[in-house]
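Visitor: Build me a model:
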Amino acid sequence: MNIMLGTALAAVATSLAAPALAQDHAGHGTAAPAAQPAAPPAAQPAPMDHQHMDMGSMGAMQAGAPGDHPMPADMDHAMDAAMDHGMAMDHGMAMDHASAGRAEGSGTARLPAAEGMMPGLHIPLGDDWMAMAHGFVWGVYTDQRGPRGGHGLYAQSMAMLMVEKPFTGGRVQLRTMLSAEPLMSARGYPNLFATGETAGGAPLVDRQHPHDLFMELAARVDKDIAPGIAAFLYGGPVGEPALGPSAFMHRGSAQLNPEAPITHHWFDSTHITYGVVTAGLAGKAWQLEASGFRGREPDEYRWDIETPRLDSWSVRATFLPSENWAMQVSHGRLKQPEALHPGEDEARTTASVQYDSGRGLAAMAAFSAKNRLPGDTLTAWLGEVNWNLPGPHTLFGRFENVANDELFPDHADPLHDRAFRVSKLQAGYAYTLPVGNAFALSLGGTAARFFAPAALDSAYGRNPMGYTLFARLRLGSGGAMKMD
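Guide: Residues are numbered from 1 along each chain as shown. Okay, the predicted model is just below:
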């Protein structure tokens, strides 16, 4: 047992040890160890990196393909039978609580059930405890063209560890997510038209900030209160409130995209929040929840845990009409979220629809309205898709449209505080192959074209563009790996 746990932690430590420069890409949500059907299943085809579930979905076994290849029919039916009769974990505890089998993303967000399980190590610890470990190292070269562009090589890393223990009619989880990205410069990496947070007291414009060392330190408890319905409580010094869709790095539709969206601060800037408490009710096809949390975004000092407080609130309703769809609408009131806008609160409203075919195609469409109080309302639209083709090939893309008034922070600039609506169209390709029995390597690149009003030509050029080349090494060569 100690050898197995040591192996898992060593793998996570390896991913953390790489120099992490940054992108706002915290890695995927954790997934649960797969429950095993009573009869030996058919041989499972090698899946690709299409699994995205949160730490909260431990014990979930989803019907349909867990990877980019369709699942054999006999295995699919065996899984359905296992779920119908209460799934048994390898170490003997029956997963008979209402939360089993629900796909969850970052924080407490729900995903389409067809998203399946995330690759990683799943290790029984004894006394019905189970551990899950996951991590990656991502090296990226980017070249953002134009007068305000830039180029450079950067790296990011992430390590996740979760332990869970089921009990009669419920479960308890302890979660942590870490990043070594504070090792990089506080200025992050070039990303045209991205804004948000600071470095050296100055606003970050056309840059993406690094992650904090602590991205999550939280716990969750679920308890059945009626057939098929569970009440849950989630919280900790670092976590994510019930606001917006699951953070982009936890969605199947963005699994291999190396860049943070330029709409990040409209949809999921709260995915690292210092102080969170969320309570909710969840059924198979719905979820209602409310959070208290700290509204201020993380500061530029990335190594510490900032003082938690509960000065903001949010509510979210999620509807899951089938295993392939997840729809959410949420609203929050954030107290002075941005350091560069002191005295301004924010009312944020989001709506999103996520789709996962269970056979390699994942997509999302989302809308957000950010209303500064006092101030204007700025809106954003986002669409993204990921298509795992047969074999090792993946195509992906993203389209964004946003009204941004932070592109000219100098108060003396005549364009200061003017909102400009800009768009970004991005397409990418990745080739994924196993490395030994424990890792997967994805090699690929992206190209992006930006569309902006003519008033921005002098600052950005007439045809701003960008491209990236990347290599990502992650723990987990396919689906979830178990150590007995």
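Visitor: Pull the longest strand seen in the chain out as CSV, backbone CA atoms only.
Guide: When the chain is parsed with DSSP state E, its longest strand is strand 150-167. Taking only C-alpha atoms (Å, rounded to 0.1, in the frame of the first residue of the first chain), the coordinates of strand 150-167 have been written out as CSV:
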residue,chain,number,x,y,z
GLY,A,150,4.7,39.3,-27.9
HIS,A,151,6.3,35.8,-28.1
GLY,A,152,8.0,33.4,-25.7
LEU,A,153,8.2,29.9,-24.3
TYR,A,154,6.4,29.2,-21.1
ALA,A,155,5.3,26.2,-19.1
GLN,A,156,2.6,25.3,-16.7
SER,A,157,2.0,22.4,-14.3
MET,A,158,-0.8,21.1,-12.1
ALA,A,159,-1.1,18.4,-9.4
MET,A,160,-4.3,17.2,-8.0
LEU,A,161,-5.0,14.8,-5.1
MET,A,162,-8.3,13.8,-3.6
VAL,A,163,-9.4,11.2,-1.1
GLU,A,164,-12.9,10.0,-0.6
LYS,A,165,-14.8,7.7,1.7
PRO,A,166,-18.4,6.6,1.0
PHE,A,167,-20.7,5.9,3.9
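Visitor: Can you mark which positions in whichever helix or strand comes after it are buried?
Guide: Sequence order places strand 170-178 as the next helix or strand after strand 150-167, per DSSP states H and E. Within strand 170-178, the residues that count as buried by 16 or more other C-beta atoms under 10 Å are 170, 171, 173, 174, 175, 176, 177, 178. The way it works is simple: take the backbone N, C-alpha and C, and place the C-beta from them, glycine included.
Visitor: Residue 165 is in contact with the fourth one, correct?
Guide: No - with contacts defined as C-beta atoms under 8 Å, residue 174 does not count as touching residue 165, sitting 9.0 Å away.
Visitor: Assign residue 114 to helix, strand or coil.
Guide: helix (DSSP: H, G, I helix; E, B strand; the rest coil).
Visitor: follow-up on the earlier one: model confidence over the longest strand of the chain, on average?
Guide: The average of the pLDDT scores along strand 150-167 is 92.
Visitor: swap in stretch 129-140?
Guide: Regarding stretch 129-140, the rounded mean pLDDT is 91.
Visitor: how much distance is there from it to the middle of the chain?
Guide: 13 Å (C-alpha atoms, centre = their mean, to the nearest Å).
Visitor: Can you show me the helices along the chain?
Guide: In the chain, the helices defined using DSSP state H lie at 2-17, 73-84, 264-267, 457-460.
Visitor: Which one of those has the poorest average confidence?
Guide: helix 73-84 has the lowest average pLDDT among the helices of the chain, namely a mean of 36.
Visitor: Residues in a beta bridge with the residue lying closest to residue 319 once chain neighbours are set aside, which ones?
Guide: If the residues on either side of it in the chain are set aside, residue 319 comes closest to residue 327, at 4.8 Å by C-beta to C-beta, 6 or more residues apart in numbering. Counting by DSSP bridges, residue 327 is bridged to residue 319, residue 353.
Visitor: OK, contacts around residue 327?
Guide: Residue 327 makes contact with 318, 319, 320, 321, 351, 352, 353, 354, according to C-beta atoms under 8 Å, 6 or more residues apart in numbering.
Visitor: list the contacts for the closest residue in space to the fifth one that isn't next to it in sequence?
Guide: Of all residues not flanking residue 351 in the chain, residue 329 sits nearest, at 4.6 Å (C-beta to C-beta, 6+ apart). Residue 329 makes contact with 316, 317, 349, 350, 351 under the criterion C-beta under 8 Å, 6+ apart.
Visitor: Any regions of this protein where pLDDT drops low?
Guide: By pLDDT under 70, the low-scoring segments of the chain are 1-96, 117-118, 477-484.
Visitor: Can you pull up the most central residue in it?
Guide: residue 250 (2.4 Å; C-alpha atoms, centre = their mean).
Visitor: My read is that that one contacts residue 105, right?
Guide: Yes - contact status for residue 250 versus residue 105: in contact at 4.2 Å, counting by C-beta under 8 Å.
Visitor: Contacts only, for the closest residue to residue 196 other than its chain neighbours.
Guide: Among residues not flanking residue 196 along the chain, residue 265 sits closest, at 4.2 Å (C-beta to C-beta, 6+ apart). Residues in contact with residue 265 (C-beta under 8 Å, 6+ apart) are 195, 196, 370.
Visitor: Check the gap between the second one and residue 266 for me.
Guide: Separation of residue 196 from residue 266 (C-beta to C-beta, to the nearest Å): 10 Å.
Visitor: Tell me which of these two has more neighbours.
Guide: Remark: of residue 196 and residue 266, residue 266 carries more neighbours, 26 against 23, as counted by other C-beta atoms under 10 Å.
Visitor: List the contacts of that one.
Guide: Taking C-beta under 8 Å, 6+ apart as the test, what residue 266 contacts is 348, 350, 368, 370, 378, 379, 380, 382, 402.
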